[in-house]
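Engineer: can you look at this prediction? I've put the sequence above it.
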Amino acid sequence: MTTGIIGAGVMGETLIAGLLRSGMPATELLIAERRADRADELGEKYGVEVVDNATVARRAETIVLLVKPQDMETVLAEIADSLQPGALVISIAAGITTAFIESHLPQGTHVVRAMPNTPALVDQAMAAISPGTTCNAEHLATAERLLQSVGKVLQLPEKYQDAVTAISGSGPAYIYYVTEAMIEAGVMLGLPRDIATEMVYQTVYGAATMLIETQMHPTVLREQVTSPGGTTVAALRVFDDFKVRAAFLSAMEAARDRSAELGK
């Protein structure tokens with residue numbers, strides 16, 4: 001069974017590395033990359049064969065598309081005439097529906113829509129997969145197995161994928177945004193930048209670990225830190241004054257709407 005990856009950017013290379021770490025032989029991977037220097041780099045670094053899009057489509061039973069939404073139609077046109085009958089195509093592109101992909105590929109091509117996120121770089125991705133009209137349990141299992149090489153995978157109906165993009169797909173950026181702000185606050189309050197950075201990193205890591213390991217609701221954990229009349233409640237009151245919670249809700253609605261727009 002040969003797996004092809006079309007699009008060897010950051011997420012594409014992350015998936016290549018994850019699959020190899022999980023035990024997939026390099027001989028079972030085919031990579032498509034347009035830039036000759038990048039193709040040489042990938043071949044030397046991972047020992048994989050790098051070819052063009054049509055060759056991947058012709059030789060691979062499973063193909064992962066990691067291309068920009070605006071490039072999807074062009075790539076589908078390049079591979080449509082070369083696909084093996086009954087091939088499985090896994091799309092990782094914000095907003096692009098399985099119906100759109102199915103309409104541009106030969107009848108009988110099976111399509112799965114997926115949305116992982118960048119913590120795949122450290123094997124801690126959160127990915128959601130959704131089946132197209134002809135997918136069965138085996139196709140979903142194949143997609144799940146591939147993405148589990150870089151993290152956790154959930155199966156969801158496709159109607160939730162734009163929300164998934166807004167929450168977990170873009171989610172790491174929100175955490176980094178808050179982390180940046182906390183570091184800058186530490187510097188403003190007089191801490192050396194390296195000390196502020198180390199303290200914030202460990203605080204974020206520790207809080208996330210508590211959420212996962214205790215499985216307690218975040219409200220309960222927050223209340224454990226919030227003593228009456230204390231420092232934490234003073235800070236949270238300012239967040240409420242500036243409507244930070246409402247801003248987060250509006251921001252994620254905007255991300256969801258943008259995902260839907262990209263699909264159009």
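Structural biologist: That came through, no problem. Since the structure is predicted, the reported quantities are computational estimates derived from the model, not experimental observations.
Engineer: going forward, measure contacts and count neighbours with C-alpha atoms only.
Structural biologist: Will do.
Engineer: surely residue 172 and residue 120 touch.
Structural biologist: No - Residue 172 is beyond contact range of residue 120, at 11.0 Å (criterion: CA atoms under 8 Å).
Engineer: how many neighbours does residue 148 have?
Structural biologist: 22 (other CA atoms under 10 Å).
Engineer: my guess is it is in a strand, correct?
Structural biologist: No - going by DSSP: H, G, I helix; E, B strand; the rest coil, the assignment for residue 148 is helix, not a strand.
Engineer: quick one: contacts for it?
Structural biologist: Contacts of residue 148 were listed using CA atoms under 8 Å, 6 or more residues apart in numbering, and none were found.
Engineer: so residue 172 and residue 120 - more neighbours on which side?
Structural biologist: Applying other CA under 10 Å to residue 172 and residue 120 shows that residue 120 carries more neighbours, namely 23 against 14.
Engineer: so who does the more buried one touch?
Structural biologist: By CA under 8 Å, 6+ apart, residue 120 lies in contact with 11, 14-15, 126, 150-151.
Engineer: does residue 114 count as helix, strand or coil?
Structural biologist: Going by three-state DSSP: residue 114 is strand.
Engineer: right, and it touches residue 127 too?
Structural biologist: Yes - using CA under 8 Å, residue 114 is in contact with residue 127, at 6.8 Å.
Engineer: neighbour count winner among those two?
Structural biologist: residue 114 (31 against 25).
Engineer: without its sequence neighbours, what residue ends up closest to the more buried one?
Structural biologist: With sequence-adjacent residues excluded and distances taken as CA to CA, 6 or more residues apart in numbering, residue 114 is closest to residue 129, at 4.3 Å.
Engineer: run the chain-centre distance for the helix or strand hosting the one you found.
Structural biologist: Taking DSSP states H and E as the definition, one finds residue 129 inside strand 125-131. In terms of CA atoms, centre = their mean, to the nearest Å, the centre of strand 125-131 is found 8 Å from the chain centre.
Engineer: could you do stretch 213-231 as well?
Structural biologist: Counting by CA atoms, centre = their mean, stretch 213-231 is centred 29 Å from the centre of its parent chain.
Engineer: ends of it, what's the gap?
Structural biologist: Stretch 213-231 stretches 26 Å from its first residue to its last (CA to CA, to the nearest Å).
Engineer: flag every buried residue along it.
Structural biologist: Under the neighbour-count criterion of 16 or more other CA atoms under 10 Å, stretch 213-231 has residue 226 buried.
Engineer: how about stretch 20-40?
Structural biologist: 20, 24, 26, 29-33, 39.
Engineer: regarding residue 63, what is its secondary structure?
Structural biologist: Residue 63 - assigned by three-state DSSP - is strand.
Engineer: beta-bridge partners for it, please?
Structural biologist: In this entry, residue 63 is beta-bridged to residue 4, residue 89, by DSSP bridges.
Engineer: what about it, distance to residue 104?
Structural biologist: Plainly put, residue 63 is 15 Å away from residue 104 if you go by CA to CA.
Engineer: looking at those two, which is more packed in?
Structural biologist: Legend: neighbour count by other CA under 10 Å for residue 63 and residue 104, higher for residue 63 (25 against 17).
Engineer: tell me who's in contact with that one.
Structural biologist: Contacts for residue 63 (CA under 8 Å, 6+ apart) come out as 3-6, 56-57, 87-90.
Engineer: now the residues you listed as a markdown table including neighbour count?
Structural biologist: As requested, the contacts of residue 63 are exported to a markdown table (neighbours: other CA atoms under 10 Å):
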| residue | neighbour count |
| --- | --- |
| 3 | 23 |
| 4 | 27 |
| 5 | 27 |
| 6 | 25 |
| 56 | 27 |
| 57 | 27 |
| 87 | 19 |
| 88 | 24 |
| 89 | 29 |
| 90 | 29 |
